[in-house]
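A.B. asks: turn this into a model:
(2 chains)
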Amino acid sequence: MWRLLALLVGGVAILAAAMLISSVSPVEAVKTLILGSLGSRGAIAGTLRETTPLLIAGVAVYLALRAGLFNIGVEGQLLVGAAAATAVALKTSGSAGFMLAAAAGVGAGALWALPAGWIRAYRSGHEVITTIMLNNVAVYFTGWLLANPMKDPQQQSPTTVSIDASTRLPNLYSHPPLIINVAIVVGVTAATLLAIWLKRTIAGFELEAVGANPRAAQFAGIDPKRTMLLAMTSSGAIAGLAGAVQVLAYEGRFYAGFSPGYGFDSLGVALLAGNNALGVLPASLLFGILAKGGTALQIEGVPKGITTVILGFLILLAAAIRYRKVNAVA
Amino acid sequence: MPLLSVLVLTLALGAPLILASMGGYTSERSGVINIGLEGMMMIAACMTAVVGIPLGPVAGLAAALVSATLLSSLHWLVTQKYSVDHVISGMGINAVAAGAASFVFGKFADPKHEGGVPHLSVWIYYVLAIVAPLALWLYTQRARGGLRMVAVGADPEKSRLMGLSPGRIRFVALFATGLFTGLAGALLVSDAAIYTNNITAGRGYIALAALVVGGWRPLPTLMVCLGLGFLGSLQLRFQGTDVLAVIPSQAWASLPYLVTIIALAGFLGKNRTPAGLGKP
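C.D. replies: Take a look at the predicted model:
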């Protein structure tokens, strides 16, 4: 307990020092952060928009985490999912169009996660390293797609053409400046379904059993390898969905630099979520507030990097509280 | 002399990878998973420029070494004393480093400054990059400290029974990680004589990849890094000519990552992951 307190005090002290260096009073900074993310209808709309991809991608990371796997590959799976969804959405239109596009995103994300799951389950290669590598490959692969077959010839920068308005996800509530897209409902539904699935179905129970102790699960008649492979590919599928939804609801196109680090932030979301999938909801909202509020801080002259530092310390702190490794024999 | 220039370029591109991967080597051989190499390099590169410009090259290098060592000590503290999972801690370290580097750069960047970052000769770093793997190989083969480090990484529980203190040995190992990644970050800035945002560009992860493909052994890892440097130098040399036009540059760039995945799948010899990696 004292150690945790020390860590917390140390983190807060460093942040306060950073703010003093940049000649902004910490109180003022917190005020800017909160007003900039929740202070007006426009700010709330922006925060919800920032929250959506983190929520869906957070569900993806959480699912893998319950099976004892770190899916650091969400970034890459989200990118290929977004690219695939854009490719399909450009060829189709209407509600059938966005269903097909979402399906393409899900499929691409799952395929991108498959090698990592397989290597972890059947060749015992660490999923963290394979997923980091796959992330980099995804950046180059989608970069190539954007430079060649998917590039909008009218544009200088690497981007696709915008998708047809009819293929976009509709708004749930649209009274500017407060616009809420149906995408947030997709995210809330995903988190709710995962929570029910983990707690109320046999497959969900098996997945958590493998996450808790693969060997014990095996003695109980569960195939841990198959479960790990399934968990990783499902996680990739949800990450692909996050990318697809981001295209269909907000961006309307795929371009270089599409993800400002959703994959990493969603790992933080899942770690903060705790022991219930529904915990992803408040965790992603917190990250959304930090992302939106960080932009407001930037305008005040505090470089945005400060919010990344806050996230980093939050992750370390949450992990120190929740993910302590009891000296178990692994 | 195209051959000589390719060799120098190989060394120039390989040396930061070698230094960073040796940092990964001491950490992972002692049993601490370290995906924070990228962050440590980044903060070191940033400090080299921010401190080096007003105070000179030696102060810049010192700041790089101190900042990277502080971060790697934080990794030690969080993983060993707070028993946090090593991967989570590494992610946190990378976030703190990336945020801090962009914060410091955004605050202290001097757009009027001309003449680049003052730096020591890059050949100092190149020589260190070639000597370090040899020295580490000898150290882990012959010296008591090195043998203990490898023992702790292979089986912390048995080492504890033998009277070793994994916590203390890992602190020394991670201290070395800080020094190596600090050198790697300082080298990046020295080579370019300028600091730009995200100057590391994923080299910390490539260094980790080289370590994996090299089977967590210093000399093969050195070879892998030089091989990557050679590939990179060929790419630079033949850029824009017909020789490489058939293969997109993105495919070249993806090659090290793909090879690492294949190596982890066990298709390039046996899996040599240290047995105690990530264990308390």
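A.B. asks: make it CA atoms for all contacts and neighbour counts henceforth
C.D. replies: Will do.
A.B. asks: confirm A:Ile179 sits in a strand?
C.D. replies: Yes: per DSSP: H, G, I helix; E, B strand; the rest coil, A:Ile179 lies within a strand segment.
A.B. asks: just list whatever residues bridge to it.
C.D. replies: Beta bridges link A:Ile179 to A:Ser174 when assigned by DSSP bridges.
A.B. asks: identify the residues contacting it.
C.D. replies: Counting by CA atoms under 8 Å, 6 or more residues apart in numbering or on different chains, A:Ile179 touches A:42, A:45, A:171-173.
A.B. asks: number of nearby residues for A:Gln218?
C.D. replies: Other residues lying near A:Gln218 total 15 when counted by other CA atoms under 10 Å in any protein chain shown.
A.B. asks: who's in contact with it?
C.D. replies: Contacts of A:Gln218 by CA under 8 Å, 6+ apart are A:210, A:224.
A.B. asks: that one and A:Leu65, how far apart?
C.D. replies: Distance from A:Gln218 to A:Leu65, counting by CA to CA, to the nearest Å: 18 Å.
A.B. asks: what does A:Ala191 give?
C.D. replies: 14 Å.
A.B. asks: same question for B:Gly14.
C.D. replies: 35 Å.
A.B. asks: look at the two and report which has more neighbours.
C.D. replies: The residue with more neighbours, out of B:Gly14 and A:Leu65, is B:Gly14; 27 against 21, by other CA under 10 Å.
A.B. asks: just checking, next helix/strand downstream of the helix or strand that contains the more buried one?
C.D. replies: Using DSSP states H and E, B:Gly14 maps to helix B:2-29. As assigned by DSSP H and E, the chain's next helix or strand after helix B:2-29 is helix B:37-55.
A.B. asks: okay, angle between the helix or strand that comes right after that following helix and helix B:37-55 too, please.
C.D. replies: Where DSSP H and E defines the elements, the next helix or strand beyond helix B:37-55 is helix B:57-76. Using axes from the mean of the first three to the mean of the last three CA atoms, to 10 degrees, the direction of helix B:57-76 lies 150 degrees away from that of helix B:37-55.
A.B. asks: name the residues that touch helix B:57-76?
C.D. replies: Against helix B:57-76 from outside (CA under 8 Å, 6+ apart): B:40-41, B:43-53, B:89-90, B:93, B:97, B:117-120, B:170-171, B:174-179, B:181-183, B:185-186.
A.B. asks: so what's the residue count around the residue of the stretch 101-250 of chain B found nearest chain A?
C.D. replies: Proximity to chain A, evaluated over the stretch 101-250 of chain B using CA to the nearest CA, is greatest for B:Phe103 at 4.6 Å. Residues lying near B:Phe103 (other CA under 10 Å) number 22.
A.B. asks: what do you get for A:Ala16?
C.D. replies: By the criterion of other CA under 10 Å, A:Ala16 has 17 neighbours.
A.B. asks: now it: closest residue in space, sequence neighbours ignored.
C.D. replies: Leaving aside its chain neighbours, A:Ala16 sits nearest to A:Pro26 (6.0 Å; criterion: CA to CA, 6 or more residues apart in numbering or on different chains).
A.B. asks: I'm done for today, thanks for sticking with me.
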